[in-house]
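*Asks:* Attaching a predicted model along with its sequence, questions to come.
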Amino acid sequence: MIALRDVSKTDENIYAEWQNDPELAAYLSRLSPNNCSVGDYDASKICWFIIEEDACDIGSVWLEKDTKESEAVTLGIFISGEQYRGKGIGNYVIKEAIRISKQRIPFTSVKLNVRKSNLRAIRCYEKCGFIILGEGQKTASDGTIIDYYKMEMKVGVLI
């Protein structure tokens, strides 16, 4: 069974493990909301969850606002471990995180950036209702150029 639970200070150890996972680094620029730690974040702007499968921590998902007044949130998600990918977990978790977050913070759209090379994630986002609005490039810390899509989904009052 898949479940979401709020991130807490006790999750620092699992986050330390995920930070050192080279497989995740190949897909992601960051593993947490901007300028946040698991023990200290503004719950009026961020909804941050640990993804569990049968009580095993397998990843994280969050929605964050740049400002409290913003109408949009940015989605971040990762699932650690190849054995958990391709099973529909991401699709379920994204929808559930949006549903829960809509009850906590107001927003009308969800945005994200995804690497063009991450075809599995792009398919997942499209199944959830995201559309590609544009594209961009950024430079990784090692100098590598990363091509990405900008995607967005409009949300109603409640999902």
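*Replies:* Structure's in. What do you need? Numbering: from 1, shown residues only.

*Asks:* Need the contact partners of the longest helix belonging to the chain.
*Replies:* In the chain, taking DSSP state H as the definition, the longest helix is helix 89-102. Helix 89-102 is contacted by residues 2, 4, 47, 49, 51, 53, 58-59, 61-63, 73, 75, 77, 79, 107, 110, 121, 124-125, 127-128, 155, 157-159 when judged by Cβ atoms under 8 Å, 6 or more residues apart in numbering. In this view, the C-beta of every residue, glycine as well, is placed from N, C-alpha and C.

*Asks:* rerun that using 6 Å as the cut-off
*Replies:* For helix 89-102, the surrounding residues in contact (Cβ atoms under 6 Å, 6 or more residues apart in numbering) are 2, 4, 47, 49, 51, 61, 63, 124, 127-128, 158-159.

*Asks:* Quick check: strands, which of the residues you listed are part of them?
*Replies:* Of the contacts of helix 89-102, the ones assigned to strands by DSSP state E are 2, 4, 47, 49, 51, 61, 63.
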